[in-house]
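Asks: Fold the following for me, if possible:
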Amino acid sequence: MEEREKPPRRRGRTAALLAAAVALGLVAGACVGYLVQADREPSPLPPLSQPVLEQEKGKGPEPLSVLSDHKLLADGDLTSLLLSKPPTAKENDWLPAEGAWMDAATYAGYFGAPDRAFEWLIAQEFRRAAYAGWDTGSHTVEIRLIQYRQRESVAAADAVHEAQGYADQMRHTDSFPIPGTGNGWVYVHNRPQSQPGYEPQYNARAHAWRGDIEMDILVYGDQPVPKKTIMDVAERQMERL
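Replies: Now for the predicted structure:
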């Protein structure tokens, strides 16, 4: 009789049993190792290489005065930082000589496109503004201090750079740095500017910033504004900041 080939032996069950036994052995070994390690005392950490620093003895530095701490000045009454009306100047009917507050909508009204200016102020995190002014007899002086929250950007510096860039593009204009500021400039416009419904007027501007406060000064009148006039106001106002 012809011998038949034996069918191959099934090995699946045996292989599965062996794999399960190996897995159980690994788990059991891990558990035993964990228990042994848990009973041992923790190994001490190596000492730090840096020597222990001795604390300095004696009194610490005195706190800054209100006049020296810009943070205290900026967070206080912003109107108190405005220049006071000179004794020889006259009060203006619509400019507060002792300073007053101005919201974003009112300040935006000073721009040629108030709607866009208002949106820009809100985007720049406008916080508050204070303003004051007076008449010298030949010119009118307006001072505005605009403060920003500056959580996302240096908005005060950005606003001043924007204003300075616009002033630099104007024709018949002389510009001068404000001493001691590092960023402030005065712009004297030598030709009168006119708008519909208004008489032509000469004017000069000053733009600078200190921390989160933007300074904007405008001097205008029927006669040309001397450099000394606008520069004197700008320097004294920056000293207050």
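Asks: and Ala167, that one's in a helix?
Replies: Yes - using DSSP: H, G, I helix; E, B strand; the rest coil, the assignment for Ala167 is a helix.
Asks: Look at Phe111 and report its pLDDT.
Replies: For Phe111, the model assigns a pLDDT of 88.
Asks: Can you report how many residues neighbour it?
Replies: 13 (other C-beta atoms under 10 Å). Backbone N, C-alpha and C define where each C-beta goes, glycine included.
Asks: pretty sure it is touching Ala117, no?
Replies: Yes - between Phe111 and Ala117 there is a contact at 3.7 Å, judged by C-beta atoms under 8 Å.
Asks: how near is Asn183 to Ile217?
Replies: 14 Å (C-beta to C-beta, to the nearest Å).
Asks: Would you mind telling me which of the two has more residues around it?
Replies: Each of Asn183 and Ile217 has its neighbours counted (other C-beta under 10 Å); Ile217 has more, 25 against 16.
Asks: For that one, give the beta-bridge partners.
Replies: Ile143, Ala206 (DSSP bridges).
Asks: what's the distance between it and Ala132?
Replies: 10 Å.
Asks: shared neighbours of those two, which are they?
Replies: 142-143 (C-beta atoms under 8 Å, 6 or more residues apart in numbering).
Asks: Can you name the residues that contact the residue nearest to His172 when sequence neighbours are not counted?
Replies: Counting by C-beta to C-beta, 6 or more residues apart in numbering, the nearest residue to His172 once its immediate chain neighbours are dropped is Arg191, at 4.2 Å. Arg191 sits next to 171-172, 202 when contact means C-beta under 8 Å, 6+ apart.
Asks: ok, and for stretch 176-193, which residues are buried?
Replies: Buried residues in stretch 176-193, counted by 16 or more other C-beta atoms under 10 Å: 176, 178, 181, 183-189, 192.
Asks: Any chance of those in a markdown table with distance to Ala97 as columns?
Replies: A markdown table is the format used below for those (distance: C-beta to C-beta, whole Å):
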| residue | distance to Ala97 |
| --- | --- |
| Phe176 | 27 |
| Ile178 | 23 |
| Thr181 | 25 |
| Asn183 | 28 |
| Gly184 | 24 |
| Trp185 | 26 |
| Val186 | 23 |
| Tyr187 | 25 |
| Val188 | 24 |
| His189 | 25 |
| Pro192 | 26 |
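Asks: Out of those residues, which is nearest to Gln124?
Replies: Asn183 (17.2 Å; C-beta to C-beta).
Asks: so is the residue nearest to the closest one when sequence neighbours are not counted in a helix, a strand, or just coil?
Replies: Of all residues not flanking Asn183 in the chain, Ala208 sits nearest, at 5.8 Å (C-beta to C-beta, 6+ apart). With three-state DSSP as the basis, the three-state label of Ala208 is strand.
Asks: Next: Gly180.
Replies: From three-state DSSP, the assignment for Gly180 is coil.
Asks: Just to check, it is in contact with Ala234?
Replies: No - the criterion here is C-beta under 8 Å, and Gly180 misses it with Ala234 at 10.5 Å.
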